[in-house]
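# Predicted model, plus sequence, below.
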Amino acid sequence: MLKVKKKIGTEKYQPHFRDEIKTELDTVYITTSGNRYLKKMDALCAQAQIQQAKESREKRRKIIMSMVDILLHVLKENNWGVFYKSKPMQTLTLQDDSPLLRINAVDEEVIEEAVLSVIEGLKTKELKDWTQQETEDTTPPSPTDTKQTNS
């Protein structure tokens, strides 16, 4: 027969360790950016700021795209073209080796990308003031939760 020894030492300490472990359940509110808040109102304020920032970016993007559309519309309406200054004509050869000249026109997509890059690259005072005023007008008061935890 096999004898099983009783573990006396561990039984004596188990209640002591159980007394030191405490659990607490609480609700944690997580915004779409991943920030965590213990207070619901602080999470709502933070989420409102995130939403307003998204709306402001979308509004600015729509304004910029409308400017680009206006420019392309004017070019098309007046039958104007944009060509490369360094090589305005492109020579194409036919089967009988006679040259055919073609205007080296810039595609609409290239024009659109160039205009967008210039608009994005602008760092004028008016643009800075406009964006600063836009954010000041739409920024709600920040949360005051001192127990905020960021992930």
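Structure's in. What do you need?
# Following element in sequence after the longest helix along the chain, please.
In the chain, taking DSSP state H as the definition, the longest helix is helix 40-77. Using DSSP states H and E, the helix or strand that follows helix 40-77 in sequence is strand 89-93.
# I'd like the C-alpha coordinates of that next one written as CSV, please.
Extracted C-alpha coordinates of strand 89-93, given in CSV (Å, rounded to 0.1, in the frame of the first residue of the first chain):
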residue,chain,number,x,y,z
MET,A,89,6.0,68.2,-78.2
GLN,A,90,6.5,64.4,-78.4
THR,A,91,7.7,62.8,-81.6
LEU,A,92,6.0,59.6,-82.7
THR,A,93,7.2,57.6,-85.7
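# Export the next helix or strand after that strand to PDB, keeping only CA atoms.
Using DSSP H and E, the helix or strand that follows strand 89-93 towards the C-terminus is strand 99-103. Extracted in PDB, the C-alpha atoms of strand 99-103 (Å, rounded to 0.1, in the frame of the first residue of the first chain):
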ATOM      1  CA  PRO A  99       7.400  61.900 -87.900                       C
ATOM      2  CA  LEU A 100       4.100  62.600 -86.100                       C
ATOM      3  CA  LEU A 101       4.100  65.300 -83.500                       C
ATOM      4  CA  ARG A 102       1.900  65.100 -80.500                       C
ATOM      5  CA  ILE A 103       1.500  67.600 -77.600                       C
END
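# ok and the next helix or strand after strand 99-103 relative to helix 40-77, angle-wise?
Using DSSP H and E, the helix or strand that follows strand 99-103 in sequence is helix 108-121. Between the axes of helix 108-121 and helix 40-77, defined by axes from the mean of the first three to the mean of the last three C-alpha atoms, to 10 degrees, the angle is 130 degrees.
# Would you mark the buried spots in helix 108-121?
Across helix 108-121, burial judged by 16 or more other C-beta atoms under 10 Å covers I111, V115. Bear in mind the C-beta positions are built from the backbone N, C-alpha and C, glycine included.
# Much appreciated, bye for now.
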